[in-house]
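Engineer: Build me a model:
(2 chains)
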Amino acid sequence: GENVEQHPSTLSVQEGDSAVIKCTYSDSASNYFPWYKQELGKGPQLIIDIRSNVGEKKDQRIAVTLNKTAKHFSLHITETQPEDSAVYFCAAGVSTLGRLYFGRGTQLTVWP
Amino acid sequence: GAVVSQHPSWVICKSGTSVKIECRSLDFQATTMFWYRQFPKQSLMLMATSNEGSKATYEQGVEKDKFLINHASLTLSTLTVTSAHPEDSSFYICSAKGGTDNYGYTFGSGTRLTVV
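Structural biologist: Purely as a prediction, here's the structure:
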């Protein structure tokens, strides 16, 4: 099955700085790569996703890049704000098969 | 956008009793629903996948007689934790897939189960 590795496990940044979280995957058949933000006691919320036919996608302060050859994808958050503090999960999957494989998560703390 | 409603958000029950958790897709038909379990500060662990009208597929190590999953309609799936024990205490989250976007996954808000 798919194996998704995520780094770092914790990340602390100053407000206004950028944050980068990286993930690798093992199954070349995976073609869907979403990123989720999870606040304490809540379910994961999709913040951005990318499909294998695209190398980069941006939505305001959030961007995701995908390198299919190297099997890695990254989340970039610019101009971080304290409200960005949460746990972020990357995931990978083959859309037609349904299930997603999750990374272990990154606890992001943005200090004011 | 797609919305998945999960209830209850938290529940406390006594050891030996059963608890039912509901997961509803509010504005789309969920062909597939997934149930996850999450321990504190850990990732989501897939428990089972259910397709409407058929038996759920359980992941290795998950007791299907303990965690009963029913997906009787395209908008509702339920997870029943039977004969609950303190070690079943966890955060349970459902996810639904469906709609016109073949890639779409939407998560519920989760249920905090505490067994005393």
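
Engineer: Chain A contacts on chain B?
Structural biologist: Within chain B, the positions near chain A by Cβ under 8 Å from any Cβ of the partner chain are B:6, B:32, B:34, B:41-44, B:46, B:49, B:91, B:93, B:95, B:97, B:102-103, B:105-110, B:112. From N, CA and C alone the C-beta is placed, and that goes for glycine too.

Engineer: Of these, which belong to strands?
Structural biologist: Those of these mapping onto strands are B:6, B:32, B:34, B:44, B:46, B:49, B:91, B:93, B:95, B:97, B:105-107, B:112, per DSSP state E.

Engineer: Contacts only, for A:His7.
Structural biologist: A:21-23, A:106 (Cβ atoms under 8 Å, 6 or more residues apart in numbering or on different chains).

Engineer: Closest to chain B out of those residues?
Structural biologist: Looking at the contacts of A:His7 and their distance to chain B, the nearest is A:Thr106, at 10.6 Å (Cβ to the nearest Cβ).

Engineer: what pairs with the closest one across the strands?
Structural biologist: With DSSP bridges as the criterion, A:Thr106 is bridged to A:Tyr88.

Engineer: Next: A:Gln6.
Structural biologist: Under the criterion used (DSSP bridges), A:Gln6 bridges to A:Cys23.

Engineer: Equivalent analysis for A:Gln14, please.
Structural biologist: Applying DSSP bridges, one finds that A:Gln14 bridges with A:Trp111.

Engineer: quick one: the closest residue to A:Gly103 other than its chain neighbours from A:Gln107, how far?
Structural biologist: The shortest distance from A:Gly103 to any residue other than its chain neighbours is 2.9 Å, reached at A:Gln6 (Cβ to Cβ, 6 or more residues apart in numbering or on different chains). Note on A:Gln6: its distance to A:Gln107, by Cβ to Cβ, to the nearest Å, is 11 Å.

Engineer: I would like the residues contacting the helix or strand bottoming out on mean pLDDT in chain B, please.
Structural biologist: None of the helices or strands of chain B scores lower by mean pLDDT, DSSP states H and E than strand B:105-107, at a mean of 87. Strand B:105-107 is contacted from outside by A:34, A:36, A:43-46, A:100, B:1-4, B:25, B:34, B:93-97, using Cβ under 8 Å, 6+ apart.

Engineer: cool, and stretch A:69-84?
Structural biologist: A:13-26, A:28, A:33, A:35, A:48, A:50, A:61-67, A:88, A:90, A:92, A:108, A:110-112.

Engineer: which bits of chain A sit near chain B?
Structural biologist: So chain A meets chain B at A:32, A:34, A:36, A:41-46, A:49, A:51, A:89, A:95-96, A:98-100, A:102-105, A:107 (Cβ under 8 Å from any Cβ).

Engineer: List buried members of those by neighbour count.
Structural biologist: A:32, A:34, A:36, A:42-44, A:46, A:49, A:89, A:95, A:98-100, A:102-105 (16 or more other Cβ atoms under 10 Å in any protein chain shown).

Engineer: which ones are touching A:Gln107?
Structural biologist: A:9-11, A:86-87, B:41.

Engineer: I meant B:Ser77, not that one.
Structural biologist: Per Cβ under 8 Å, 6+ apart, neighbours of B:Ser77: B:22-23, B:30, B:33, B:35, B:50, B:69-71, B:94, B:96.
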